[in-house]
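# A predicted structure for the sequence below; I have some questions about it.
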Amino acid sequence: MRSPLSRCSVGHFLKHFATFPASCYKQVAQAAAAHHLYLRKSMHYLTEERGRPNAPDYRIYFKTSEGKYISPFHDIPLFAAEEMDHGVPAKKTKKSDSEVLYNMVVEVPRWSNAKMEIATKESLNPIKQDVKKGKLRYVANIFPHKGYIWNYGALPQTWEDPSHTDKNTECCGDNDPIDVCDIGSRVCQPGEVIKVKVLGILAMIDEGETDWKVIAINAEDPDAQNLNSIEDVRKSRPGHLEATIEWFKKYKVPDGKPENKFGFGGQFKDKDFAVEIIKSTHEHWRALVHKQLAAGDIECKNVSCCDSPFKCSDEKASAVVQSVKKLNLFYAYTNFTDATTFIMCLCIGTCVWGSTSRVCRCGQVAFCLEEQAQLPPTVPRVSP
């Protein structure tokens, strides 16, 4: 009889890599399943992971359901597609600007700390973890919160132009797509593309640059039909907007930086105002990809913007991804408290081991020298 591990999809995958002690099957399965293997479906898009998770070379690339690689910055449309009725586009109804749904590229799931972001300076703009002074960046926990307090991401096909002085804030843009906070109840995954309803916007001033924060809700959230404005959020979720202000004000303080400031005295602006800001950043993006504005260090390679001088073929886009190291979920790392112990590491640098425990609190498994001898040669060893 096959073991429970080998009967599941994760077990079928793992059996090609190693034979594990029976006592470790559950922990190994939990650790590997957390990464959803190689591909994750995201509405009409797929994501493909490359490099090592929680390492500087980790990347999340995007492709269509047909398998064509794309840029989440330039090729995913700002406006969400019309609803489908039995596979056929539903009859279009005239909508006001404030009723339009937008695509949001999720970079950071709620309650997580890794500072993931669209790599605007890399070809095809994969999601990566930000690095500062050679170290991966994590946001601190701002009491009483754990990590980011919403799903955090960006609206594609928008750009806050660093050469444009915003008349509202009298500061230039921050050279990134416009940021979005999804206040929906579901915790998303990095690389998900969700439809959101815009509710309002906050003008943050980050080190002298305008950094708009759009407040939105996942269109599929149970509360989406009841939340249509920033005032609805204030009434139905007391304290949520105040917590958002407090979080953005203080999240850089643990890194030795001053508190962030806000335009309009820290007041949220309404949906109509937010839509106008989004329109403006969309126009700046259009000028960027059509080379009407200097791109600077922004990478504008795309596969769908017809009149863009940066448009490339599907073959060239594929070559960009294939040049990056494949996903590597399995590699060893030395346990500092016991030089004779090796681990299967999926979140290197964040493990916390008990003095006698064989399992990290994140579900990873420690192997002694005798057990690690059973691992295949493809798993790297770290000499004690």
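The structure has been received and is ready for your questions.

# which neighbouring elements make contact with the lengthiest strand in the chain?
Taking DSSP state E as the criterion, the chain has its longest strand at strand 193-206. When contacts are defined as 3 or more CB pairs under 8 Å, 6 or more residues apart in numbering; DSSP states H and E, strand 193-206 packs onto strand 101-108, strand 179-182, strand 209-218, helix 230-236, helix 240-250, strand 261-262, helix 271-289. From N, CA and C alone the C-beta is placed, and that goes for glycine too.

# show me what counts as buried in the fourth one.
Put plainly, it is helix 230-236. With burial defined by 16 or more other CB atoms under 10 Å, the residues of helix 230-236 counted as buried are Ile230, Asp232, Val233.

# out of those residues, which comes closest to Trp150?
Closest approach to Trp150 among these (CB to CB): Val233, at 11.3 Å.

# so the closest one makes contact with Glu242?
No - using CB atoms under 8 Å, Val233 is not in contact with Glu242, being 10.9 Å away.

# spell out which residues are contacts of both of these two.
Residues touching both Val233 and Glu242 (CB atoms under 8 Å, 6 or more residues apart in numbering): none.

# which residue ranges of the chain form helices?
Applying DSSP state H to the chain gives helices spanning 4-7, 9-14, 25-33, 230-236, 240-250, 271-289, 314-322, 369-372.

# any chance of the helices and strands packed on strand 193-206 in JSON lines, with distance to Lys326 and mean pLDDT too?
Below are these laid out as JSON lines (distance: least, CB to CB, whole Å; pLDDT from 0 to 100):
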{"stretch": "strand 101-108", "distance to Lys326": "22", "mean pLDDT": "98"}
{"stretch": "strand 179-182", "distance to Lys326": "31", "mean pLDDT": "98"}
{"stretch": "strand 209-218", "distance to Lys326": "32", "mean pLDDT": "98"}
{"stretch": "helix 230-236", "distance to Lys326": "42", "mean pLDDT": "97"}
{"stretch": "helix 240-250", "distance to Lys326": "36", "mean pLDDT": "97"}
{"stretch": "strand 261-262", "distance to Lys326": "43", "mean pLDDT": "96"}
{"stretch": "helix 271-289", "distance to Lys326": "29", "mean pLDDT": "97"}
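
# please pull out the lowest mean pLDDT helix or strand from the chain.
helix 4-7 (a mean of 33; mean pLDDT, DSSP states H and E).

# shaky segments in the stretch 1-150 of the chain?
1-43, 82-98 (pLDDT under 70).

# now do the strands in it.
39-42, 45-50, 59-64, 69-70, 84-85, 88-89, 101-108, 116-118, 127-129, 131-132, 135-136 (DSSP state E, counting those that start in this stretch).

# so for Lys146, which of the ones you listed sits nearest?
strand 101-108 (12.5 Å).

# ok, and what's touching the closest one?
72, 76-80, 114-118, 127, 147-148, 151-156, 177, 180, 182, 188-198, 216, 219, 278.

# then stretch 140-154?
Everything outside stretch 140-154 that qualifies as a contact, by CB under 8 Å, 6+ apart, is 73, 104-113, 118, 139, 176-184, 186-188, 194, 218, 243-244, 246-247, 250-251, 254-255.

# switch the cut-off to 7 Å
Contact partners of stretch 140-154, identified using CB atoms under 7 Å, 6 or more residues apart in numbering, comprise 104-113, 118, 139, 177-184, 187-188, 243, 247, 250-251, 254.

# can you tell me which residues contact the closest residue to Lys301 other than its chain neighbours?
Among residues not flanking Lys301 along the chain, Ser123 sits closest, at 5.0 Å (CB to CB, 6 or more residues apart in numbering). Counting by CB under 7 Å, 6+ apart, Ser123 touches Glu299, Lys301, Val320.

# ranking these by neighbours, who comes first?
When neighbours are counted by other CB atoms under 10 Å, Lys301 leads the contacts of Ser123 with 21 neighbours.

# how about Tyr138, nearest residue that isn't a chain neighbour?
That would be Asn113: by CB to CB, 6+ apart, it lies 4.4 Å from Tyr138.

# ditto for Trp150
Per CB to CB, 6+ apart, closest to Trp150 is Cys181, 4.2 Å.
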